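[1] 3D, please:
(one chain, ligands or ions: 1)
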Amino acid sequence: MEKSRPYVILSAAMTLDGKIAKGRTKIKLSSKNDKIRVHKLRAKVDGILIGKNTLDTDNPMLNVRYVTGKNPVRILLDSRGTIKSSSKIIQSCSKISTIIATTQLISKKNLSRLEKFPLEIIKCGKSSVDVVKLLKILQKKGMKKILLEGGGTLNWSFLKRGLVDELIITITPYILGGSDSVTLVEGSGFKNLFSMNKLKLKKIQKIGNELVVYYRT
Ligand SMILES: NC(=O)c1ccc[n+]([C@@H]2O[C@H](COP(=O)([O-])OP(=O)(O)OC[C@H]3O[C@@H](n4cnc5c(N)ncnc54)[C@H](OP(=O)(O)O)[C@@H]3O)[C@@H](O)[C@H]2O)c1
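    Numbers count the residues shown, from 1 in each chain. This is a model prediction of the structure:
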């Protein structure tokens, strides 16, 4: 039976101890070769989703760079619509399709500021973006495959609702430790190991000093 939402791939690079970031500082975890792999993957999906903290820390372009291919639609989850007008995503939204998914919390000021840009604003949710509704809307727009590019809070939001179909994780040769590091999955976490079905390992890829693991939910 076909799902009533797009296929969702959670993609991330983490340290050997499962961290994806150090506080609110931008860090480069993966190698150039792994970036090429990720960009090939980006070119195959319809949309890339990120959370507001990832935007604030990394100020990413979220386009396809290291390979030739089409840019997916960039989708930012930003409850209050506080994305800076100077961010790379806003500055490039006339060239690359962009969606800001926001909520009822967005102020009139931020709404009218964002409405001046050639991007789409989707209001769904009261205090945080309703990801189930959002996926339905994206599917209605014809999006079949979505790449979830974090961070940890967004990953949890999707995993806890059973909205992830595949995980592609690069294990990088670093250890960060520390309670101020962001882990692959944040939030309150599952009650125990059996709250989610055991993942199925589909593929392992060695890229230099890194290991890419492919799991299905
Ligand atoms: N290594 C990697 O592969 C990788 C990949 C991605 C990110 N990162 C890192 O991860 C860090 C950020 O992770 P994070 O866990 O702090 O934040 P995050 O997941 O990037 O963003 C979470 C924020 O998104 C907004 N949001 C709106 N609706 C949401 C919903 N339904 N579910 C979840 N979030 C929603 C909320 O902010 P508002 O209330 O303001 O809307 C929320 O606090 C950054 O340092 C970044 O560099 C690493």
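
[2] grab the nearest non-local neighbour of residue 68.
    Distance criterion C-beta to C-beta, 6 or more residues apart in numbering; nearest residue to residue 68, sequence neighbours excluded, is residue 43 at 7.8 Å. All C-beta atoms are positioned from the backbone trio N, CA, C, and that covers glycine.

[3] per-residue pLDDT, the one you found?
    Note on residue 43: pLDDT of 98.

[4] that one is in contact with residue 66, isn't it?
    No - counting by C-beta atoms under 8 Å, residue 43 does not reach residue 66; the two are 9.9 Å apart.

[5] and residue 138, which of the three is it?
    helix (DSSP: H, G, I helix; E, B strand; the rest coil).

[6] contacts for stretch 74-94, please.
    If you take C-beta atoms under 8 Å, 6 or more residues apart in numbering as the criterion, stretch 74-94 is touched by 47-52, 55, 59-63, 96-103, 105-107, 110-111, 113-114, 117-119, 121, 125, 127-129, 131, 134, 138, 146, 154.

[7] of those, just the buried ones, PyMOL syntax please.
    A single PyMOL command selects the buried members of the contacts of stretch 74-94 (16 or more other C-beta atoms under 10 Å):
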select buried, resi 47+48+49+50+51+52+55+60+62+63+96+97+98+99+100+101+102+103+105+106+110+114+117+119+121+125+128+129+131+134+138+146+154
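
[8] which bits of this structure sit near the ligand?
    Of all the residues in the chain, those in contact range of the ligand (C-beta under 6 Å from any ligand atom) are 12-13, 20-21, 26, 29, 50-54, 57-58, 77-80, 128-129, 131, 149-154, 157, 182, 186.

[9] okay, which residue is most central for the chain?
    residue 149 (2.4 Å; C-alpha atoms, centre = their mean).

[10] just the pLDDT for that one.
    On the pLDDT scale, residue 149 gets 98.

[11] I figured it hits residue 54, correct?
    Yes - proximity of residue 149 to residue 54 meets the contact threshold set by C-beta under 8 Å, at 7.2 Å.

[12] what subset of the residues of the chain next to the ligand is buried?
    Here, 16+ other C-beta under 10 Å leaves 12-13, 20-21, 29, 50-54, 57-58, 77-79, 128-129, 131, 149-154, 157, 182, 186 buried among the residues of the chain next to the ligand.
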